[in-house]
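>>> Turn this into a model:
(chains A, B, C and D)
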2 protein chains.
Amino acid sequence: MTSLKKEGEGMTSKADILRQLRNEILTLELKPGSILSETALSERFEISRTPLRDVLKQLAHEGYIDVYPKRGNLVSYIDLESVEQIIYLRSTLEKDMIKNLASHASPLPLRGVLELKEILERQEETIEQEQEHAREAFLRLDDAFHKALFTLAGRVFLWDLIQQSNAHYARYRRLHLLKKEKLKEILAEHRLILDSVIGRNGEKIDEIVQHHLHEDINAAYLSENFAEYLNLPSFDSSEPADRT
Amino acid sequence: MTSLKKEGEGMTSKADILRQLRNEILTLELKPGSILSETALSERFEISRTPLRDVLKQLAHEGYIDVYPKRGNLVSYIDLESVEQIIYLRSTLEKDMIKNLASHASPLPLRGVLELKEILERQEETIEQEQEHAREAFLRLDDAFHKALFTLAGRVFLWDLIQQSNAHYARYRRLHLLKKEKLKEILAEHRLILDSVIGRNGEKIDEIVQHHLHEDINAAYLSENFAEYLNLPSFDSSEPADRT
DNA sequence: ATAGCTATTCTTGTATACAAGACTTGTCAA
DNA sequence: TTGACAAGTCTTGTATACAAGAATAGCTAT
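Residues are numbered from 1 along each chain as shown, chains lettered A, B, ... in the order given. Next up, the predicted model:
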């Protein structure tokens, strides 16, 4: 409902193009393996190849596409190894951050806490909705919640750093069909986390965050159902170029 | 002693140019505030502006330069906020990783342990040397040690991720004059860490790593002695452009 | 002397022509 | 049929001309 102007893509800046392409890849509208040709895209967005290459460079840097020199740019296949690394990174960081927020003496900014509460309220609203975009909204609010946590801990810098390598994890999450029960569980865990922070109680944070983020990577399940999206060893296709 | 071919920079690839510029900024040979003009650099490296802009884009992404649209590219001032964030990130991660290595049951690959030992031996050699480049060698070996730890823990992915935002921390370290005593202390801590890993004893890791990485940011000292290198609030100079 | 305007000269941003590698296709020969 | 080779056609990589914003210098008018 936001910006589906395929026809007559008028007056789009580089930042807009980047956002749009990133979003199309993220939501799997552009499937892994799709070709992103510079000339094709430059015609679609009515812009020359030079600025468009900047956008593709950025996408490559974030891991959304792989560049094969003189051959083409492909939407990258989801790499479960990257996913696992990001989960470990976030899990370790967020455990520590939340425990600090919970146990530490520093006063919590009221505004930050209110923002977290509001996000959870909005997230609850999306659960009952059955539409397709409601699930997407839920995931966006999930990101918003965690980003707000980083902000509250004074670590939004690290959130942004992680986002730079989020291409695989973000798509990985969207591979799971999130049933209503699962959504409720996620929301409940968010509430537990928030309560820990507010109530100054970091007791069970380790287990909560571990379970909340881990969502154990079920490689077997994913391989069976989404093999064409994944970067599996079998698919060897001559490694992409180094990001110089 | 490696590549000081200012004259007749023959046959340099993009990757070489990137490495060279990054290195010159890293070692403070190019001081914060220095102008990196596209045309000047393209003449110096005998290459056109197009590939050179790619290199500058990369440097900007890593935080080495700030791009002011239509005005110019400046070597960034060292940002102590970024430094603190990276220290927190590394400290939290490395504590967890080392404790896992120490306490966990997974067998240690012999090759990795030997590599760590060899690095420490080479690091000890550099301590006694008084030359300027010996200090630089010590720092490179410091990086090598920590990278090897990440590798041993199966987390080299995260090491590489952190390196992408290392421009400020890397220069920050080089602001401190490392006296022989300090170097010995660092080496001793490395030995403690390695012993913990080998001896399966994660007892005091938290304090060791905390102290090892923290090297408390002495803002007052830095401001007094290196004000012209730092990104201080006073210097307001209209924010650089967003990395689109 | 100084405020304000204008032309100039920097800078980076964009468009486009051309270079060069990689792959495909088709022809021809064995 | 199958192989090799070559022409052609994709792709991205590079060079360069031009556009346009930003800063500066210098002029003019008050």
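>>> biggest helix in chain A by residues?
Secondary structure of chain A read by DSSP state H shows that its longest helix is helix A:80-103.
>>> What are the boundaries of the helices in chain A?
A:14-26, A:38-44, A:49-62, A:80-103, A:110-128, A:132-152, A:156-163, A:167-175, A:180-198, A:205-214, A:219-226.
>>> Now render these as JSON lines, adding mean neighbour count, mean pLDDT and distance to DNA strand C.
(C-beta placed from N, C-alpha, C; glycine too.) JSON lines is the format used below for those (neighbours: other CB atoms under 10 Å in any protein chain shown; pLDDT from 0 to 100; distance: least, CB to the nearest atom of the strand, whole Å):
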{"stretch": "helix A:14-26", "mean neighbour count": "18", "mean pLDDT": "96", "distance to DNA strand C": "6"}
{"stretch": "helix A:38-44", "mean neighbour count": "14", "mean pLDDT": "96", "distance to DNA strand C": "8"}
{"stretch": "helix A:49-62", "mean neighbour count": "19", "mean pLDDT": "97", "distance to DNA strand C": "3"}
{"stretch": "helix A:80-103", "mean neighbour count": "20", "mean pLDDT": "93", "distance to DNA strand C": "24"}
{"stretch": "helix A:110-128", "mean neighbour count": "15", "mean pLDDT": "92", "distance to DNA strand C": "34"}
{"stretch": "helix A:132-152", "mean neighbour count": "17", "mean pLDDT": "93", "distance to DNA strand C": "28"}
{"stretch": "helix A:156-163", "mean neighbour count": "18", "mean pLDDT": "97", "distance to DNA strand C": "21"}
{"stretch": "helix A:167-175", "mean neighbour count": "21", "mean pLDDT": "93", "distance to DNA strand C": "23"}
{"stretch": "helix A:180-198", "mean neighbour count": "16", "mean pLDDT": "88", "distance to DNA strand C": "40"}
{"stretch": "helix A:205-214", "mean neighbour count": "17", "mean pLDDT": "77", "distance to DNA strand C": "37"}
{"stretch": "helix A:219-226", "mean neighbour count": "13", "mean pLDDT": "74", "distance to DNA strand C": "25"}
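>>> Among these, which comes closest to DNA strand D?
helix A:38-44 (3.7 Å; CB to the nearest atom of the strand).
>>> near chain B, anything from the closest one?
No. On the criterion CB under 8 Å from any CB of the partner chain, helix A:38-44 is out of touch with chain B, staying 13.5 Å away.
>>> contact partners of that helix?
The contact list for helix A:38-44 (CB atoms under 8 Å, 6 or more residues apart in numbering or on different chains) reads A:9, A:17, A:21, A:48-49, A:52-53, A:56, A:73.
>>> ok, A:Y77 - contacts?
By CB under 8 Å, 6+ apart, the contact set of A:Y77 is A:32-33, A:229-232, A:235.
>>> So of these, which two are at opposite extremes in space?
Maximum pairwise distance in the contacts of A:Y77, criterion CB to CB, is 12.2 Å, between A:G33 and A:L232.
>>> Report the separation between the spatially most central residue of chain A and chain B.
Geometric centre of chain A, nearest residue: A:A170, 3.0 Å, by CA atoms, centre = their mean. Relative to chain B, A:A170 is positioned 15 Å away (CB to the nearest CB, to the nearest Å).
>>> same check, this time on A:E81
Between A:E81 and chain B the distance, using CB to the nearest CB, works out to 7 Å.
>>> In chain A, what residue lies closest to DNA strand C?
A:S48 (2.9 Å).
>>> Contacts only, for that residue.
Here A:S48 is in contact with A:S42 (CB under 8 Å, 6+ apart).
>>> do you know which of the helices of chain A lies nearest B:I217?
Closest to B:I217 of the helices of chain A is helix A:156-163 (CB to CB; 14.6 Å).
>>> any idea how chain A splits into domains?
Split into domains by automatic domain parsing, chain A comes to A:14-76, A:80-226.
>>> Out of the ones you listed, which is closest to B:R200?
Across these, closest to B:R200 is domain A:80-226 (CB to CB), at 20.6 Å.
>>> Between the two ends of that closest one, how far is it?
The straight-line separation of the ends of domain A:80-226 (CA to CA, to the nearest Å) is 12 Å.
>>> Alright, calling it a day.
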